[in-house]
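A.B. asks: Okay, structure incoming, though there's no sequence with it:
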(Lines give C-alpha, C1' and ligand atoms only; values in the text may rest on other atoms or scores of the structure.)
Protein backbone atom coordinates (compact mmCIF):
# COMPACT_ATOMS: atom_id res chain seq x y z
CA UNK A 1 0.00 0.00 0.00
CA UNK A 2 1.26 3.50 -0.81
CA UNK A 3 0.22 6.93 0.38
CA UNK A 4 -0.85 9.28 -2.40
CA UNK A 5 -1.28 13.02 -2.39
CA UNK A 6 -3.06 15.15 -4.98
CA UNK A 7 -2.67 18.91 -4.67
CA UNK A 8 -4.36 21.59 -6.75
CA UNK A 9 -3.11 25.16 -6.73
CA UNK A 10 -4.70 28.31 -8.07
CA UNK A 11 -1.96 30.91 -8.40
CA UNK A 12 -1.82 34.63 -8.82
CA UNK A 13 -1.30 34.82 -12.58
CA UNK A 14 1.76 37.05 -12.34
CA UNK A 15 3.61 34.35 -10.37
CA UNK A 16 2.81 31.31 -12.52
CA UNK A 17 6.22 31.04 -14.21
CA UNK A 18 8.18 31.69 -11.02
CA UNK A 19 6.03 29.20 -9.08
CA UNK A 20 6.71 26.48 -11.64
CA UNK A 21 10.46 27.03 -11.29
CA UNK A 22 10.19 26.53 -7.54
CA UNK A 23 7.88 23.54 -8.02
CA UNK A 24 10.18 21.79 -10.47
CA UNK A 25 13.07 22.19 -8.04
CA UNK A 26 10.86 20.89 -5.22
CA UNK A 27 9.94 17.79 -7.23
CA UNK A 28 13.59 17.11 -8.06
CA UNK A 29 14.66 17.52 -4.43
CA UNK A 30 11.88 15.24 -3.22
CA UNK A 31 12.67 12.47 -5.69
CA UNK A 32 16.44 12.63 -5.15
CA UNK A 33 16.64 13.26 -1.41
CA UNK A 34 13.65 11.34 -0.04
CA UNK A 35 13.86 7.56 -0.35
CA UNK A 36 10.15 7.30 0.50
CA UNK A 37 9.04 9.54 -2.39
CA UNK A 38 8.21 7.32 -5.38
CA UNK A 39 6.37 9.76 -7.69
CA UNK A 40 6.21 13.54 -7.87
CA UNK A 41 4.42 14.64 -11.03
CA UNK A 42 3.48 18.23 -11.90
CA UNK A 43 0.75 19.16 -14.38
CA UNK A 44 -0.54 22.40 -15.73
CA UNK A 45 -2.27 23.47 -18.88
CA UNK A 46 -0.19 25.74 -21.14
CA UNK A 47 -3.18 28.05 -21.66
CA UNK A 48 -4.05 28.19 -17.96
CA UNK A 49 -0.65 28.43 -16.23
CA UNK A 50 -2.12 29.67 -12.95
CA UNK A 51 -3.65 26.24 -12.27
CA UNK A 52 -1.13 23.60 -11.17
CA UNK A 53 -1.73 20.04 -10.08
CA UNK A 54 0.55 17.60 -8.27
CA UNK A 55 0.39 13.84 -7.98
CA UNK A 56 2.74 12.46 -5.34
CA UNK A 57 3.16 8.89 -4.11
CA UNK A 58 5.07 7.85 -1.01
CA UNK A 59 5.85 4.40 0.38
CA UNK A 60 3.65 5.19 3.39
CA UNK A 61 2.15 8.06 5.38
CA UNK A 62 5.34 8.37 7.45
CA UNK A 63 7.33 9.10 4.29
CA UNK A 64 4.92 11.93 3.46
CA UNK A 65 5.20 13.30 7.00
CA UNK A 66 8.97 13.20 6.58
CA UNK A 67 8.60 15.13 3.30
CA UNK A 68 6.73 17.90 5.11
CA UNK A 69 9.56 18.23 7.64
CA UNK A 70 12.44 18.49 5.15
CA UNK A 71 14.31 21.76 4.82
CA UNK A 72 13.71 21.86 1.07
CA UNK A 73 9.93 21.59 1.58
CA UNK A 74 9.87 24.26 4.30
CA UNK A 75 11.95 26.60 2.12
CA UNK A 76 9.71 25.97 -0.88
CA UNK A 77 6.54 26.49 1.15
CA UNK A 78 7.78 29.81 2.54
CA UNK A 79 9.00 31.02 -0.87
CA UNK A 80 5.72 30.39 -2.72
CA UNK A 81 3.14 31.17 -0.03
CA UNK A 82 2.45 34.68 -1.36
CA UNK A 83 1.93 33.31 -4.90
CA UNK A 84 -1.00 31.03 -4.03
CA UNK A 85 -4.68 32.06 -4.10
CA UNK A 86 -6.05 28.62 -3.25
CA UNK A 87 -4.66 25.18 -2.42
CA UNK A 88 -6.52 21.90 -1.99
CA UNK A 89 -4.94 18.65 -0.79
CA UNK A 90 -6.43 15.17 -1.11
CA UNK A 91 -4.70 12.14 0.41
CA UNK A 92 -5.40 8.44 0.24
CA UNK A 93 -3.88 5.07 1.05
CA UNK A 94 -3.93 2.94 -2.08
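C.D. replies: That came in fine, so what should we check first? Worth saying up front: this structure is predicted, and the values here are computed from it rather than measured.
A.B. asks: in this structure, which spans are helices?
C.D. replies: With DSSP state H, the ranges of helices along the chain come out as 16-33, 61-69, 71-80.
A.B. asks: Which one, of those, ends up nearest to residue 91?
C.D. replies: Relative to residue 91, the nearest member of these by CB to CB is helix 61-69, separated by 7.5 Å. No exception for glycine: its C-beta is placed from N, CA and C like everyone else's.
A.B. asks: What average pLDDT does the closest one get?
C.D. replies: Across helix 61-69, the average pLDDT comes to 97.
A.B. asks: and that helix, how far out from the chain's middle?
C.D. replies: Per CA atoms, centre = their mean, to the nearest Å, the displacement of helix 61-69 from the mean C-alpha position of its chain is 13 Å.
A.B. asks: what number of residues lie near residue 85?
C.D. replies: Residue 85 sits with 11 neighbouring residues when counted by other CB atoms under 10 Å.
A.B. asks: between the helices of the chain, which gets nearest to residue 92?
C.D. replies: Closest to residue 92 of those, according to CB to CB: helix 61-69, at 10.3 Å.
A.B. asks: quick one on the thing from earlier: rebuild the helices of the chain as a markdown table, extending it with mean neighbour count and distance to residue 94.
C.D. replies: Formatted as a markdown table, the helices of the chain follow (neighbours: other CB atoms under 10 Å; distance: least, CB to CB, whole Å):
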| stretch | mean neighbour count | distance to residue 94 |
| --- | --- | --- |
| helix 16-33 | 15 | 19 |
| helix 61-69 | 15 | 12 |
| helix 71-80 | 14 | 22 |
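A.B. asks: Which one of those lies nearest to residue 52?
C.D. replies: Nearest to residue 52, of all the helices of the chain, is helix 16-33, at 6.6 Å by CB to CB.
A.B. asks: The closest one - contacts with which helices or strands?
C.D. replies: Counting contacts by 3 or more CB pairs under 8 Å, 6 or more residues apart in numbering; DSSP states H and E, helix 16-33 packs against strand 37-45, strand 48-58, helix 71-80.
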